[in-house]
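Q: Got a sequence here, can you model it:
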Amino acid sequence: MNGSTRLAPFVASMLAAIVVAACGDAEPVPVVTDEGLAPVVTAEGFLAITSSAVRIAEMKPPKPAYSGLAVSQPFGTRIRRITGDPDTPIVTPSGDVIGMWTAVSRHHYVTTQAWNADGSLMHIYLGREEVSPNNLILSGGSYQPLYAYYASRRDSRWHPTDPAIRVVIAGDTLSWQNVETSLIQRTWQLPYEQNIAGGKWNVSADGRYLGIVGDNRYIYAFDMSTKRGRAGPPFDLRTDCGLPSCDPPNKWVDLRTASDALHFLVHYGPESNWRVLRADATTLAISHRVFPSSLRPAECDAGLICSPGLPADGFLPVLFGHPDFLVNTDGSMWVVGQSKYWSKKTGSAVDTVNGKSGAILGINIDAGAIKSLTDPDDEAWATHVSVRSTQRPGWVYASYNRAPLGKFMGEILAVNLNDLCVERYAHHFSATQGCYDCEVHPSPSPDGSKVAFASTWGEDQSLVQGYVLELLADPD
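A: Reported below is the predicted structural model:
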């Protein structure tokens, strides 16, 4: 009897007990059990618990075997394990052995899209860069290994319109590599000897632009629409830093790119000072976004921990944790992230819930306005957010720590930017304290119906494996 057959009676009983329902809050109730709160089927066909006012106790099912399923109760959602046990062979559907599974086998990061343009393929990595192969291409539906892939996990991404292509940055070269044939289809010489995109970048939705940092100092936009390519003029991240001091040279430069890849978030560290830059689509010249001074709450000068950078220089006052760019349903551009020091605090410039900021904040960078997306009352600690569900605008996917106690603890969920509706999908069962590879990093598929995540499935951090959360109530 396979995993799907064993789970069928439980899933059927769950579906029989639920109805299609709109998102809505309930009055606070005690910690629930598997019989205490039923999921609903959302308008998009996802199984979810939509009450945002309750704690849900973690009930860990047996760990699924490789390619097997588990059900996260009381949510009713299916969790499929997509990576094998360490030191066992990686076998393709044709029977070829293309490597060995490692103790860390998982998708890359929360802001990285794991699925390709049409959802037919999926990318994961094996350990770090010292194993061979260090990346795999899986089937996007069955998750069977298809191809070995060799590249830096930080500096390669799916092309957003060509499903066979990974966009790769290596040293002074930018290229398009076909994962099915391993052939390089296009290549460009970059203007600096060392080029990175910070590990958390994305190509524009039309496959044309990306942002690159050269020699850990100069950010520039690159246009891939022609065989010759075009690098825009550099923006010096040190001389035009906008902070009280950029000396000694800043070694904490990090980059996020928006869906148009012409809006950038640049991280100045070691603290999380985030600055918004943007490139002109015609000239590719980069300048900083000028925000109104009202974006910075008065409380920043009265105890609230804020960035020292000013809104007029493009700095966001929130010391965001793990932000991502979101295009809302009205076309407006937002930055969303973990609220870090602002959680449960009052900020006069923030559209709060019940007077305080929740664990996830959004900033409308078009309007220069800050909004709390969650209610801080009895809220656990959010860790990472992702808006890679580009076909589902307005939804922010997030993971929460398993401690301290509070609603959403240990969960993967999504919150709607506009009406603050919450869809709660599953517990992740990962012990993340002090272990980067153990972090959950939930990353949804473009349509939002699947979520790639990593988990230790218990307290032992020596083994981190990849899973996919399947949200559709009726997968057929």
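
Q: thought Pro133 was touching Tyr125?
A: No: using CB atoms under 8 Å, Pro133 is not in contact with Tyr125, being 9.4 Å away. Glycine gets a C-beta too; all of them are placed from N, C-alpha and C.

Q: the more surrounded of these two?
A: Set side by side, Pro133 and Tyr125 show more neighbours around Tyr125, with 25 against 18, by other CB atoms under 10 Å.

Q: so that one is in which element?
A: Assessed by DSSP states H and E, Tyr125 sits inside strand 121-126.

Q: Would you mind pulling the contact partners of that strand?
A: With CB atoms under 8 Å, 6 or more residues apart in numbering as the test, strand 121-126 has contacts from 82-83, 99, 101-102, 104-108, 114-116, 133-140, 143, 146, 149, 153, 158, 163-164, 166, 179, 452, 466.

Q: Grab the nearest non-local neighbour of Pro475.
A: Among residues not flanking Pro475 along the chain, Arg78 sits closest, at 7.7 Å (CB to CB, 6 or more residues apart in numbering).

Q: Then Gly309?
A: Per CB to CB, 6+ apart, closest to Gly309 is Phe315, 2.8 Å.

Q: do Phe46 as well
A: Leu471 is the one closest to Phe46 (CB to CB, 6+ apart), at 4.2 Å.

Q: surely the one you found meets Ile79?
A: No: Leu471 is beyond contact range of Ile79, at 10.5 Å (criterion: CB under 8 Å).

Q: Pull out the buried residues from stretch 181-188.
A: Neighbour counts using 16 or more other CB atoms under 10 Å place Trp188 of stretch 181-188 among the buried residues.

Q: contact partners of it?
A: With CB under 8 Å, 6+ apart, stretch 181-188 has contacts from 147, 164-165, 173-178, 222, 224, 227-229.

Q: which of these sit farthest apart?
A: Tyr147 and Arg228 (29.4 Å; CB to CB).

Q: Show me how to select, in ChimeraX, the buried members of the contacts of stretch 181-188.
A: For the buried members of the contacts of stretch 181-188, the matching ChimeraX selection, counting by 16+ other CB under 10 Å, is:
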select :147,164,165,174,175,176,177,222,224
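
Q: Make TSV out of the contacts of stretch 181-188 and add secondary structure.
A: Listed next are the contacts of stretch 181-188 as TSV, based on DSSP: H, G, I helix; E, B strand; the rest coil:
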residue	secondary structure
Tyr147	strand
Ala164	coil
Ile165	strand
Thr173	strand
Leu174	strand
Ser175	strand
Trp176	strand
Gln177	strand
Asn178	strand
Phe222	strand
Met224	coil
Lys227	coil
Arg228	coil
Gly229	coil
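
Q: Let me know the closest of the contacts of stretch 181-188 to Ile305.
A: Phe222 (35.4 Å).

Q: Now do the strands in the stretch 1-150 of the chain.
A: Along the stretch 1-150 of the chain, the stretches classed as strands by DSSP state E, counting those that start in this stretch are 40-41, 47-48, 69-72, 77-81, 89-91, 97-100, 104-106, 121-126, 135-139, 145-149.

Q: on that earlier part again, narrow the contacts of strand 121-126 to those that are buried.
A: Buried residues within those, counting neighbours by 16+ other CB under 10 Å: 82-83, 99, 101-102, 104-108, 114-116, 133-138, 140, 143, 146, 149, 153, 158, 163-164, 166, 179, 452, 466.

Q: start to end distance for stretch 181-196?
A: The straight-line separation of the ends of stretch 181-196 (CA to CA, to the nearest Å) is 25 Å.

Q: can you check stretch 264-273 too?
A: End to end - CA to CA - stretch 264-273 spans 13 Å.

Q: and what of stretch 304-313?
A: Terminal residues of stretch 304-313 lie 20 Å apart, using CA to CA.

Q: now that stretch, how far from the centre of its chain.
A: 25 Å (CA atoms, centre = their mean, to the nearest Å).

Q: Go through the strands of the stretch 1-150 of the chain and name the closest to Cys241.
A: Nearest to Cys241 among the strands of the stretch 1-150 of the chain is strand 121-126; the distance by CB to CB comes to 32.7 Å.

Q: Next, the contact list for the spatially most central residue of the chain, please.
A: Centroid-nearest residue in the chain: Val110, 2.5 Å away (criterion: CA atoms, centre = their mean). Residues in contact with Val110 (CB under 8 Å, 6+ apart) are His322, Asp324, His384, Val385, Ser386, Ser399, His441, Pro442, Ser443.

Q: Of these, keep whichever come out buried.
A: Neighbour counting over the contacts of Val110 (16+ other CB under 10 Å) leaves His322, Asp324, His384, Val385, Ser386, Ser399, His441, Pro442, Ser443 as the buried ones.

Q: With secondary structure and distance to Pro64 added, can I get those in a markdown table?
A: Formatted as a markdown table, those follow (DSSP: H, G, I helix; E, B strand; the rest coil; distance: CB to CB, whole Å):
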| residue | secondary structure | distance to Pro64 |
| --- | --- | --- |
| His322 | strand | 27 |
| Asp324 | strand | 29 |
| His384 | strand | 23 |
| Val385 | strand | 26 |
| Ser386 | strand | 23 |
| Ser399 | strand | 19 |
| His441 | coil | 19 |
| Pro442 | coil | 18 |
| Ser443 | strand | 20 |
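
Q: Kindly indicate which of those lies nearest Gly355.
A: When the buried ones among the contacts of Val110 are ranked by distance to Gly355 (CB to CB), Val385 comes first, at 22.5 Å.

Q: Nearest residue to the closest one in space, please, no chain neighbours.
A: Per CB to CB, 6+ apart, closest to Val385 is Ala398, 4.7 Å.
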